[in-house]
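>>> predicted coordinates and the sequence they were generated for:
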Amino acid sequence: MHSKLNYVKGAFFTVISMLLFSACHPDTSSNLANGDDNGGYASDASRIEWANNDIISIADAAGFTYNGAYMRTTYDGVCARVATDTTYANHTLTIYFGNTDCVCLDGKKRRGTIIVTYNGLYSDSGQLHTISFDHYFINDNQITGTIKTSRVDTTITGNWYYNVYVNDSMNISQDPQNSQIVGWSGTLVRKWVTGYASGTRADDVFSISGFATLTRPNGHIFNFAIATPLQAALGCDYLRSGVVNVNGYTGSHRLDYGSGGCDAGATVYIGVNGYPVTMIP
């Protein structure tokens with residue numbers, strides 16, 4: 001698998017003003033709001049799924065280069081120190097961004113630590129990597145929980161894919177006294193579509209399929225069944241495409257992230273009617 005050595009991409013979304021929306025009597029002249037339950041889950045799922053792909057990519061860029069007995073002092077130029085500990089059967093890869101914000105090459109602020117545990121060589125096919133966090137923040141949004149990945153090789157170079165078992169959360173509030181937690185758990189398949197041979201993470205694109213459960217900051221739960229694979233590009237702040245069947249607090253809906261362009265638009269279909277959602281990075 002080709003190592004990724006260049007800059008870290010990361011992006012998150014801010015919450016826009018809350019507007020009231022009635023599922024029983026929708027106003028077809030207005031967009032759905034990111035703050036309500038009908039529109040808000042689109043942004044919540046996009047921001048945390050994008051972040052998870054970025055975190056896995058950061059871990060791989062460090063792990064494939066520095067696995068085994070190798071140790072380096074920097075990653076991404078100035079922002080992080082990378083170290084490995086292979087003394088014990090359970091190996092540890094640590095990516096440490098420091099206690100204060102460092103502006104990485106992608107312009108995003110990061111602090112805290114990403115920790116990866118595994119056995120054998122990092123690059124072994126079928127190797128289970130468990131990713132956890134120690135006060136890890138990106139743009140003041142904290143990530144907690146775990147992401148577990150297992151890489152599966154194919155007979156075609158570049159068609160690697162990952163089984164991903166995710167149970168993590170993101171605090172999207174900038175107010176330390178008022179947490180707003182987005183939870184994301186499920187079993188997904190992550191295919192590396194393009195960018196594996198370029199030598200930079202900036203053009204990496206991943207295809208995501210499977211099932212997940214989203215818990216919004218208000219505690220309402222939505223089940224996601226990905227009907228058309230989601231496309232997450234590290235060079236874009238939004239999920240670029242994909243269709244999800246959503247079932248939860250406000251009933252059964254269909255969520256469409258578009259046809260592949262890097263834009264802030266998505267559409268929620270309630271019955272036969274489609275309502276635009278505009279997300280903010």
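Here it is on my side, so go on.
>>> tell me which element the closest residue to Asp140 other than its chain neighbours falls in.
Excluding its sequence neighbours, the residue lying closest to Asp140 (C-beta to C-beta, 6 or more residues apart in numbering) is Gln174, at 5.5 Å. Any C-beta I mention is one placed from the backbone N, CA and C, and that applies to glycine too. Under the criterion DSSP states H and E, no helix or strand holds Gln174.
>>> same check on Ser43?
Taking DSSP H and E as the definition, Ser43 sits inside helix 37-66.
>>> just after that helix, pick out the following helix or strand.
Following helix 37-66 in sequence, per DSSP H and E, is strand 81-85.
>>> and the angle for that following strand with helix 37-66?
70 degrees (axes from the mean of the first three to the mean of the last three C-alpha atoms, to 10 degrees).
>>> tell me the mean pLDDT over strand 81-85?
Averaged across strand 81-85, the pLDDT comes to 85.
>>> just confirm Gly261 is within a strand.
No - counting by DSSP: H, G, I helix; E, B strand; the rest coil, Gly261 is not part of a strand but coil.
>>> what count of nearby residues applies to it?
10 (other C-beta atoms under 10 Å).
>>> was I right about it contacting Ala233?
No - judged on C-beta atoms under 8 Å, Gly261 makes no contact with Ala233 at a distance of 10.4 Å.
>>> is Ser259 bridged to anything, and to what?
Ser241 (DSSP bridges).
>>> ok, Ala59 - how many residues close by?
21.
>>> distance of the residue nearest to it when sequence neighbours are not counted relative to Gly40?
Nearest residue to Ala59 in three dimensions, chain neighbours excluded: Val116, at 4.9 Å (C-beta to C-beta, 6+ apart). Val116 sits 31 Å away from Gly40, going by C-beta to C-beta, to the nearest Å.
>>> settle it for me: which of those two has more neighbours?
For Val116 versus Gly40, the count of surrounding residues by other C-beta under 10 Å is larger for Gly40: 28 against 25.
>>> give me the pLDDT for that one.
Reported pLDDT for Gly40: 86.
>>> these two touch, right, it and His220?
No - using C-beta under 8 Å, Gly40 is not in contact with His220, being 9.0 Å away.
>>> what bridges to the residue nearest to Ala59?
Leu93, Ile131.
>>> and it, what pLDDT?
So Val116 comes in at 95 (pLDDT).
>>> that one against Asp60, yeah?
No - contact criterion C-beta under 8 Å: Val116 and Asp60 do not qualify, at 9.2 Å.
>>> what about the residue nearest to Ala59, distance to Asp101?
22 Å.
>>> next one: Met170
Met170 is 17 Å from Asp101, where distance means C-beta to C-beta.
>>> quick one, which of those two is more surrounded?
More crowded of Met170 and Asp101, by other C-beta under 10 Å: Met170, with 24 against 17.
>>> distance-wise, check the more buried one relative to Gly258.
Relative to Gly258, and taking C-beta to C-beta, Met170 is found at 22 Å.
>>> equivalent analysis for Ile115, please.
In terms of C-beta to C-beta, Ile115 sits 34 Å off from Gly258.
>>> go on, Thr144?
From Thr144 to Gly258 the distance is 29 Å (C-beta to C-beta).
>>> could you do Ile56 as well?
23 Å.
>>> I'd assumed Leu93 was in contact with Ala59.
Yes - applying C-beta under 8 Å as the test, Ala59 and Leu93 come out as touching, 6.9 Å apart.
>>> for the two, list the residues in contact with both.
Val116 (C-beta atoms under 8 Å, 6 or more residues apart in numbering).
>>> okay, and the beta partners of Arg254?
Going by DSSP bridges, Arg254 forms beta bridges with Asn245, Tyr269.
>>> residues near it, how many?
Applying other C-beta under 10 Å, we find 15 residues neighbouring Arg254.
>>> would you confirm that it contacts Gly271?
No - using C-beta under 8 Å, Arg254 is not in contact with Gly271, being 9.5 Å away.
>>> where do the strands sit along the chain?
81-85, 91-96, 102-103, 109-118, 128-138, 141-152, 161-171, 181-194, 205-215, 221-233, 239-248, 251-259, 265-270, 273-278 (DSSP state E).
>>> got the buried residues for the first one?
Along strand 81-85, the positions that meet the burial threshold by neighbour count (16 or more other C-beta atoms under 10 Å) are 82-84.
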